[in-house]
Structures are given as C-alpha cells and as structure tokens.
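J.: Fold the following for me, if possible:
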Amino acid sequence: MTASSETPVRLTQFAHGGGCACKIPPGELEDLLGGLTPPLPAPEDIPMLVGPATGDDAAVVALPAPDGSAAPALVSTADFFTPVVDDPYDWGRIAAANALSDVYAMGGRPVLAVNLLAWPRDVLPFELAREVLRGGLEIAAEAGCHVGGGHSVDDPEPKYGMAVTGLVDPGRLLRNDAGRPGLPLSLTKPLGLGVLNNRHKATGERFAQAVAAMTALNRDAAAAAVAAGARCATDVTGFGLLGHLHKLARASGVTAVLDTAAVPYLDGAREAVRDGYVSGGTRRNLEWVAPFTDFGATDPDTRLLLADAQTSGGLLVAGEVPGGVVIGELIAPGPHSLVLR
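T.: Residues are numbered from 1 along each chain as shown. Got it, this is the predicted structure:
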C-alpha cells in the first residue's frame with residue numbers, strides 16, 4: 001500500500017507496535033546486556049558518574065574544567081519509536097518530549113538534540129515526515145534545546161526520536177540507585193497512556209488528554225524535585241510504573257510499597273483495560289515483575305494499569321514533589337522489591 005498526500009493516513013497502521021510499547025521486553029533486554037562491559041579502560045580525566053550497571057535513564061560523565069574549578073556533568077541519551085498516534089505533528093512532539101525526559105529524569109537540562117528518523121520513502125509522503133520533524137522542533141524549542149540536524153534512513157517502518165545531550169550539576173544529580181528507606185514516592189503524571197494509545201491504534205479514537213500528557217515536558221517536575229532536595233528519580237515509560245519502580249528499588253537496595261488507591265489515572269484508562277486494549281508490552285512488563293512483587297489483593301485490571309507501557313510518562317521521585325502525587329514509600333529491603341497495598 002502506498003499512501004498519498006490526498007488520502008488521510010493513519011500512521012499507527014504502518015508499525016507493528018506503538019510508542020514505548022515497542023521496546024524490547026525488560027527481561028529479554030537484561031539477558032541481552034548481561035556480561036557486556038566496555039572493552040577499553042575509560043579515560044581517567046572523564047569519569048563516568050552513571051553508567052549501564054543500574055539501567056538508569058541516561059549516562060552521565062564528569063567534565064574536566066580547564067582551570068580546575070567545578071564543572072557541570074554531561075548527560076547523554078537517545079530514544080526513538082514507531083508511531084504512537086496517527087497525527088504526524090503530535091507524534092513528533094510526543095517523541096521529542098519523551099527523549100528529552102531522560103535528561104530531566106537525571107535532574108539535568110537538555111542543551112543539544114539531533115533527530116533520528118526512519119522513513120518508508122516509497123510508502124509515506126515526505127510531507128508527513130516534515131510534520132513529524134516540525135513537532136519535534138517545537139518541543140525542543142519549548143525546552144530551550146538546540147536541534148543540530150540528525151540522521152535519517154529508509155526503513156519499512158516509520159520511526160522518530162532524538163539523541164539528546166544535557167548538562168547537570170553533579171552535586172544535584174537524580175539517579176535511580178539513591179533511594180533510601182523512609183522516603184515517600186511521588187508520581188508527576190497519571191498512568192493509562194499505553195492503553196489509551198492502544199485503543200487509538202485499534203479504533204482511530206483520539207484521546208486529547210493522552211496527547212496533552214505525553215507532550216508535557218518533565219522540566220518543571222525535575223526542577224521541583226531537585227529544589228526539594230530529591231536525589232533519586234526515574235521516568236515512567238515503556239516498562240510501566242511497576243517495571244521502573246522495580247528497577248529503582250533493586251538499584252537502591254530497598255523495597256517499594258505502593259498505595260494502589262493513590263495512583264492517578266487518565267480518564268478512560270480503566271475503560272480501555274476493561275475493553276481489552278492492553279498491549280503485549282504491558283503484559284510482558286507484568287510477567288517480568290511478578291516474581292519480585294507481592295500483589296496482595298490487587299485486582300487484575302489494576303495490575304495491568306500499573307504495568308501499562310507508558311510513552312512520555314511522568315517522573316517517579318523518591319521524595320515529596322510539589323505538583324506530584326504521593327503514591328507510596330521506600331522501606332528497608334524485604335523478600336520482594338515491590339509490595340502493593
């Protein structure tokens with residue numbers, strides 16, 4: 001099938017998955033990466049502050065200052081995915097906000113991005129790709145981040161995202177291994193993006209509340225977390241709240257207790273689960289965390305929502321954050337990394 005500019009195009013129909021639900025499942029990814037180490041010694045004058053060991057949101061290296069004074073650290077990340085919505089401009093905005101989020105999740109400020117674009121040039125018109133890029137540029141401009149070109153390839157499936165470089169104060173770095181018992185857990189965006197996007201892909205229904213959440217930058221939430229003295233955070237994306245919370249608890253050597261009644265959801269999310277619009281990625285997330293989780297009396301639909309594969313979700317912060325919702329706490333390590341109440 002070849003789409004023309006005169007024919008309405010549903011971009012989600014040109015991809016086998018959508019958004020962060022198309023990630024490699026977390027268990028398979030850990031098996032893939034297990035045992036891989038850098039083959040050469042790292043440069044001694046540029047130490048790595050955050051690397052691959054804890055599966056954090058971005059890598060961070062310390063930059064040497066020529067005069068020996070304190071220097072900001074460098075944050076580096078990349079994120080791209082297949083269409084999560086049909087509108088190309090919205091997809092570009094969502095993908096850019098999602099890529100920038102990894103820098104915010106480290107407490108940093110994005111300063112430079114480059115586009116990553118894969119496009120089926122014989123199938124989809126380039127005016128749609130232009131709209132995708134326009135959406136990405138607008139979000140980067142909102143973030144105060146330069147866009148310095150990028151890279152494009154001809155590909156059977158459309159994909160878009162960004163590689164992003166940011167700066168962070170190394171003394172105020174947010175990382176996923178700095179959680180401590182006694183800290184509350186705050187969430188800065190509601191859940192349900194995955195099931196609403198899956199419903200959109202299946203039916204064509206548009207959910208403005210989901211688009212608004214996915215295109216909202218995590219900039220203000222990150223600044224509020226840092227200002228409140230938080231030092232442990234991650235963002236909630238393709239592995240769902242439970243997956244990212246498990247990684248945070250494991251890296252920090254604590255147990256996370258989740259108050260399921262306190263977790264906020266987007267309008268329509270529960271109905272989407274009830275009606276069966278649950279992605280394979282969400283079900284794989286739930287299967288992955290099950291051995292590490294005490295589910296208590298949590299019902300099956302709530303479990304799926306808590307594992308829902310988010311795209312451009314909010315920050316999960318160990319600490320109380322203005323504008324966030326307290327959804328649980330960290331306690332001393334026990335037999336499970338996650339306890340649902």
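
J.: how close does the most centrally placed residue in the chain sit to Pro26?
T.: In the chain, the residue lying closest to the centroid (CA atoms, centre = their mean) is Thr237, at 3.3 Å. Distance, Thr237 to Pro26, by CB to CB, to the nearest Å: 11 Å. Glycine gets a C-beta too; all of them are placed from N, C-alpha and C.

J.: What segments of the protein are strands?
T.: For the chain, the strands defined by DSSP state E cover 48-50, 59-62, 73-81, 109-119, 146-154, 159-168, 184-187, 233-235, 255-258, 293-294, 315-318, 325-331, 338-340.

J.: of the ones you listed, which approaches Phe207 most closely?
T.: The closest of the strands of the chain to Phe207 is strand 73-81. By CB to CB, the value is 17.8 Å.

J.: helices or strands next to that closest one in the packing?
T.: Helices and strands touching strand 73-81, as assessed by 3 or more CB pairs under 8 Å, 6 or more residues apart in numbering; DSSP states H and E, comprise strand 59-62, helix 88-104, strand 109-119, strand 159-168.

J.: Outside of the first one itself, list whatever touches it.
T.: Outside of strand 59-62, the residues that reach it under the criterion CB atoms under 8 Å, 6 or more residues apart in numbering are 46-52, 71, 73-77, 106, 108, 168, 170, 173, 175.

J.: now do stretch 329-341
T.: By CB under 8 Å, 6+ apart, the residues outside stretch 329-341 that reach it are 179-185, 242, 245-246, 249-250, 252-260, 289, 292-296, 298, 303, 306, 318.

J.: Can you tell me how far the residue lying closest to Leu338 once chain neighbours are set aside is from Leu245?
T.: Closest residue in space to Leu338, ignoring its immediate chain neighbours: Thr293 at 4.2 Å, by CB to CB, 6 or more residues apart in numbering. Using CB to CB, Thr293 is found at 10 Å from Leu245.

J.: These two - which one has more neighbours?
T.: Each of Thr293 and Leu245 has its neighbours counted (other CB atoms under 10 Å); Leu245 has more, 28 against 23.

J.: just checking, the more buried one touches Ala318?
T.: No - the criterion here is CB atoms under 8 Å, and Leu245 misses it with Ala318 at 10.1 Å.

J.: Show the buried residues in the contacts of stretch 329-341.
T.: Buried members of the contacts of stretch 329-341, scored by 16 or more other CB atoms under 10 Å, are 179, 183, 185, 242, 245-246, 249-250, 252, 254-258, 260, 289, 293, 295, 298, 303, 306, 318.

J.: How many neighbouring residues does Val147 have?
T.: 18.

J.: Ala227 now?
T.: Residues near Ala227, counting by other CB under 10 Å, number 11.

J.: Then Gly149?
T.: Gly149: 8 surrounding residues under other CB under 10 Å.

J.: Can you tell me how far it is from Phe239?
T.: From Gly149 over to Phe239 (counting by CB to CB), the distance is 30 Å.

J.: and if you look at Met214?
T.: Using CB to CB, one gets 16 Å for the distance from Met214 to Phe239.

J.: before we move on, what about Ala95?
T.: Separation of Ala95 from Phe239 (CB to CB): 18 Å.

J.: shaky segments in the stretch 1-150 of the chain?
T.: Low-confidence segments of the stretch 1-150 of the chain, defined by pLDDT under 70: 1-7, 17-24, 27, 29-30, 33, 36-42, 67-70.

J.: Phe292 contacts Gly243, correct?
T.: No - contact criterion CB under 8 Å: Phe292 and Gly243 do not qualify, at 10.0 Å.

J.: just checking, Thr260 touches Thr298?
T.: Yes - the criterion here is CB under 8 Å, and Thr260 meets it with Thr298 at 5.6 Å.

J.: what domains does the record give for this protein?
T.: Annotated domains of the chain cover 11-171, 174-340 [automatic domain parsing].

J.: Return the most buried member of those domains.
T.: Ranked by mean neighbour count, the domains of the chain are led by domain 174-340 with a mean of 21 (mean count of other CB atoms under 10 Å).

J.: Now do it: distance to the chain's middle.
T.: In terms of CA atoms, centre = their mean, to the nearest Å, the centre of domain 174-340 is found 10 Å from the chain centre.

J.: Next: stretch 44-61.
T.: Computed by CA atoms, centre = their mean, the separation of stretch 44-61 from the middle of its chain amounts to 18 Å.

J.: and the end-to-end length of that stretch?
T.: End-to-end distance for stretch 44-61, by CA to CA, to the nearest Å: 11 Å.

J.: Next: stretch 295-304.
T.: End-to-end for stretch 295-304, by CA to CA: 12 Å.

J.: Please list the outside residues in contact with that stretch.
T.: Contacts for stretch 295-304 (CB under 8 Å, 6+ apart): 195, 260, 270, 273-274, 278, 282-283, 286, 306, 339-341.

J.: at 6 Å instead, please
T.: Residues outside stretch 295-304 that contact it (CB atoms under 6 Å, 6 or more residues apart in numbering): Thr260, Val273, Val278, Leu286, Leu340, Arg341.
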